[in-house]
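[1] Mind looking at a prediction? Sequence and model below.
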Amino acid sequence: MVRGVYTVLVTPFKANGEVDYEGLRKNVEWQISQGIHGIVANGTTGEFASLEDDERERVAATVIDTAAGRVPVVIGTSAEATQKAIFYTRNAKKLGADAVMVLPSYYCKPNQEEIFAHFAKISDAVDIPIVIYNNPSTTGVDIKAETVKRMVDHSPNLSAIKECTGDIKRIRQIRLLCGERISVLCGWEDLALEAFAMGACGWISVIGNVVPRLAVQLFKEVYEDKDLDRGWETYKMMLPMLSFLEYSGKAPQTLKYCLDKMGLSGGVVRGPRLPLTHEDKKAIDEMLKSMKVT
């Protein structure tokens with residue numbers, strides 16, 4: 001079962017646009033030193049759609065090798081075509097991933113039957129835990145709670161869901177239909193406290209790139225200790241950055257700017273993304289101060 005806070009890593013790029021694999025190792029080591037529960041590579045925050053196949057494989061291999069079993073590693077294996085997603089998933093298992101994370105097809109806008117078939121074929125082809133990644137804002141389709149239940153009924157491999165609808169009721173619906181057979185994971189940055197209060201047992205966290213200790217602290221306070229008052233104080237400190245990451249459309253740029261300021265590895269983003277503006281950087285600097293990051 002996927003449980004706790006898993007940072008979905010940025011993919012650091014050098015000034016010439018090449019992947020900074022040594023920088024990636026540095027970031028993974030720092031994440032583990034900060035007490036993160038797990039790591040996700042080749043997710044949306046990692047600009048997976050901007051990576052070539054050989055880069056995706058090497059990023060996955062670098063993260064798995066660096067983690068060396070100290071924390072679980074989930075590898076994003078999303079693809080438009082089902083067969084390509086199976087290829088990436090088989091490769092992730094061969095490299096030693098603990099689980100994979102998969103979107104529905106993100107261009108053809110599949111219906112619910114096609115979404116179910118996509119995940120069923122992947123789970124039938126590769127024996128590895130699969131995190132269903134429901135992100136309607138990027139794929140244009142929403143995996144309904146009833147479809148999630150069909151997936152869980154079909155295969156025990158389909159054992160977790162990163163829920164990114166921004167609708168807090170969806171967590172309740174999935175838990176009512178699936179019970180404890182699936183781990184519900186928060187995937188919407190500024191709903192983390194609410195998701196934990198609703199019973200989400202984990203968080204695929206973007207802000208974890210910058211403040212993994214705070215993300216883990218929030219999880220402990222709200223989900224484990226059931227202390228909403230303490231959790232609220234931690235959450236308030238994080239909310240400006242959580243909201244900026246969720247709504248600005250500049251999450252990779254923001255995280256990379258922060259990582260570079262912190263002496264870690266961020267670097268540039270790949271086009272068509274553009275760099276942050278001066279105004280963006282000033283606002284981010286204030287958010288870092290509010291979280292006591294210097």
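    That came through, no problem.
[2] and for the helix or strand of the chain with the lowest mean pLDDT, what are the contacting residues?
    The least trusted helix or strand in the chain, going by mean pLDDT, DSSP states H and E, turns out to be helix 136-139, with a mean of 93. Residues outside helix 136-139 that contact it (Cβ atoms under 8 Å, 6 or more residues apart in numbering): Thr44, Leu103, Pro104, Ser105, Tyr106, Lys109, Asp142, Cys164, Thr165, Gly166. Every C-beta, even on glycine, is put in place using the N, C-alpha and C of the backbone.
[3] Can you select the buried ones among the residues you listed for me in PyMOL?
    To isolate the buried ones among these in PyMOL, judged by 16 or more other Cβ atoms under 10 Å, type:
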select buried, resi 44+103+104+105+106+142+164+165
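[4] which helix is the longest one in this protein?
    For the chain, the helix with the greatest residue count under DSSP state H is helix 228-247.
[5] for the protein, which spans come out with low pLDDT?
    Low-confidence segments of the chain (pLDDT under 70): 1, 294.
[6] Can you show me the helices along it?
    Using DSSP H, helices in the chain cover 21-33, 53-67, 82-95, 112-125, 136-139, 145-154, 169-178, 192-197, 212-219, 228-247, 251-261, 278-290.
[7] mind listing what's buried in the second one?
    Neighbour-count burial for helix 53-67 flags Glu55, Arg56, Glu57, Arg58, Val59, Ala60, Ala61, Thr62, Val63, Ile64, Thr66, Ala67 (criterion: 16+ other Cβ under 10 Å).
[8] and the least confident helix or strand of the chain, which residues are buried?
    In helix 136-139, counting by 16+ other Cβ under 10 Å, buried: Thr139.
[9] gap between that helix and the chain center?
    14 Å (Cα atoms, centre = their mean, to the nearest Å).
[10] Tabulate the CA atom coordinates of it in CSV.
    Provided in CSV are the C-alpha atoms of helix 136-139 (Å, rounded to 0.1, in the frame of the first residue of the first chain):
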residue,chain,number,x,y,z
PRO,A,136,-8.8,15.8,-15.6
SER,A,137,-7.1,19.2,-16.0
THR,A,138,-4.3,17.6,-18.1
THR,A,139,-6.0,14.7,-19.8
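[11] Contacts only, for Gly231.
    Leu193, Phe196, Leu218, Glu221, Val222.
[12] Pro212 too?
    Counting by Cβ under 8 Å, 6+ apart, the residues that Pro212 touches are Val5, Thr7, Gln31, Gln34, Gly35, Ile36, Ser205.
[13] Give me the buried subset of these.
    Judged by 16+ other Cβ under 10 Å, buried ones among those: Val5, Thr7, Gln31, Ile36, Ser205.
[14] from the residues you listed, which is closest to Ala125?
    Thr7 (27.9 Å; Cβ to Cβ).
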